[in-house]
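[1] I'd like to go over a predicted model; first the sequence, then the structure.
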Amino acid sequence: RKGASAVIYPSFIFFAIGLVVVSLISNQWLLWLSAIFIGIGYGSLFPCFQTIAIQSVAKQRMGHAISTFFTLFDLGMAIGSVILGLMIAYYGYQLSYLFCAGITVLTLFVYKYTVSASLKQPK
């Protein structure tokens, strides 16, 4: 009833909190806590984004939407892995996780001002 944004905003926040907690790990309990936050955040974001991609196209274009979604997801994982690998080599894991948390928060605002705004407009 409340739309995708009711799930996506808290998921972004949970994901960012989990990444910050990972950057501060000093014991096993913090690792488990970060796993809970990241699991809830990322585990909710991925299917929500997939649903938005499918719902944003006509029924006959659904296959194209799914394939484009997964192609761009895989491309992002590949490029992100290279960039973060270089970042880890120069700055270490802690700063890399904090950077990812910042990117997650930035992505929340990108979602708010682009995708969320377009979901509210009638088709």
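    Sure thing, it's come through.

[2] who's sitting farthest from the centroid in the protein?
    Largest separation from the mean C-alpha position in the chain: Q60, at 27.1 Å (CA atoms, centre = their mean).

[3] pLDDT at that residue, what is it?
    If you check Q60, the pLDDT there is 93.

[4] tell me the SS of it?
    helix (DSSP: H, G, I helix; E, B strand; the rest coil).

[5] pLDDT below threshold where in this protein?
    The chain contains residues with pLDDT under 70 at 119-123.

[6] and with 80 instead?
    1-3, 116-123 (pLDDT under 80).

[7] next up, the contacts around the residue farthest from the centre of the chain.
    Shown in contact with Q60 (CB atoms under 8 Å, 6 or more residues apart in numbering): no residues. The way it works is simple: take the backbone N, C-alpha and C, and place the C-beta from them, glycine included.

[8] please report how far it lies from S23.
    45 Å (CB to CB, to the nearest Å).

[9] same check, this time on A58
    Separation of A58 from S23 (CB to CB) stands at 43 Å.

[10] neighbour-wise, which of these two wins?
    S23 (19 against 9; other CB atoms under 10 Å).

[11] how about that one: what's its closest non-neighbour residue?
    Leaving out its chain neighbours, the residue that sits closest to S23 by CB to CB, 6 or more residues apart in numbering is Y97, at 3.7 Å.

[12] one more: S5?
    S116 (5.2 Å).

[13] for that neighbour, pull up the helix or strand it's in.
    With elements taken from DSSP states H and E, the one containing S116 is helix 116-120.

[14] roughly how far apart are the residue farthest from the centre of the chain and T51?
    Distance from Q60 to T51, by CB to CB: 18 Å.
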